[in-house]
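>>> Show me the folded form of this:
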Amino acid sequence: MLFSVLLVSGCVQQQREIKEITIPGHPQIYSFSNDLREVLKVPVSGKADMQILFLQSSSIDIVFNGTSTQDNAYFRVVLIDMITKMQAYASNEGKQLTFRSYYFVDSKWYNSTNGEIEKPGLGTAIWLKGPETGAEETSVRADESIITVQGTSYKNLTLAGDRLVLVVFGIDRI
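This next block holds a predicted model:
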């Protein structure tokens with residue numbers, strides 16, 4: 001009996017992960033951290049609004065709560081991954097896209113060089129929330145000009161970041 005269970009379970013074929021995509025007219029392959037089938041399960045609201053924001057914006061603000069060194073490390077990795085792909089995509093679409101980052105600790109705001117600044121007036125912005133800085137779920141949500149990318153763990157934050165990139169790329173299924 002045990003042999004037949006092992007034999008049957010050995011015949012089950014696992015699907016290979018899909019972590020790369022190509023887009024017609026783009027010379028490179030876009031590589032992702034996660035299996036894109038899992039990424040597409042991350043809930044998104046305001047998808048059409050997000051796509052319009054990216055089409056109309058030449059500069060995007062990045063905002064996060066800087067009180068958690070753990071989340072700050074997560075944000076750094078997720079942001080590098082997201083920004084690299086979104087800038088390459090924009091460039092291949094004939095558009096220049098820049099990013100400015102800001103973070104806050106209590107009521108003080110800082111720029112990307114850790115200089116204290118007045119609270120910035122945000123344009124189109126991506127607001128990151130991690131497990132220690134307010135993430136209530138794993139999702140990507142648009143509310144007017146603010147896109148909230150949140151994950152309840154490092155893995156979930158990478159899934160949400162990859163999900164936003166797929167939204168920008170206009171990809172809903174694999």
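
>>> Surely Ala88 and Ile29 touch.
No - if you go by C-beta atoms under 8 Å, Ala88 and Ile29 don't touch, sitting 10.5 Å apart. Placement of C-beta: from N, CA and C, glycine included.

>>> Comparing the two, which residue is more hemmed in?
The neighbour count for Ala88 versus Ile29, taken as other C-beta atoms under 10 Å, is higher for Ala88 (16 against 10).

>>> The more buried one belongs to a strand?
No - counting by DSSP: H, G, I helix; E, B strand; the rest coil, Ala88 is not part of a strand but helix.

>>> ok, it - contacts?
Residues near Ala88 by C-beta atoms under 8 Å, 6 or more residues apart in numbering: His26, Gln28, Tyr30.

>>> which residues of this protein fall in strands?
20-22, 29-31, 44-45, 59-65, 98-105, 108-111, 116-117, 125-129, 139-143, 146-150 (DSSP state E).

>>> give me the low-pLDDT residue ranges for the protein?
Residues of the chain meeting the criterion pLDDT under 70: 1-13.

>>> As a check, name the ranges of all helices in it.
Counting by DSSP state H, residue ranges of the helices within the chain are 2-11, 36-39, 47-56, 69-92, 154-169.

>>> Quick check: which of the ones you listed has the most neighbours on average?
Sort the helices of the chain by mean neighbour count, taking mean count of other C-beta atoms under 10 Å, and helix 154-169 sits at the top with a mean of 22.

>>> relative to helix 69-92, how tilted is it?
Angle of helix 154-169 versus helix 69-92, following axes from the mean of the first three to the mean of the last three C-alpha atoms, to 10 degrees, is 20 degrees.

>>> and helix 154-169, how far from the chain's centre?
Chain-centre distance of helix 154-169: 3 Å, with C-alpha atoms, centre = their mean, to the nearest Å.
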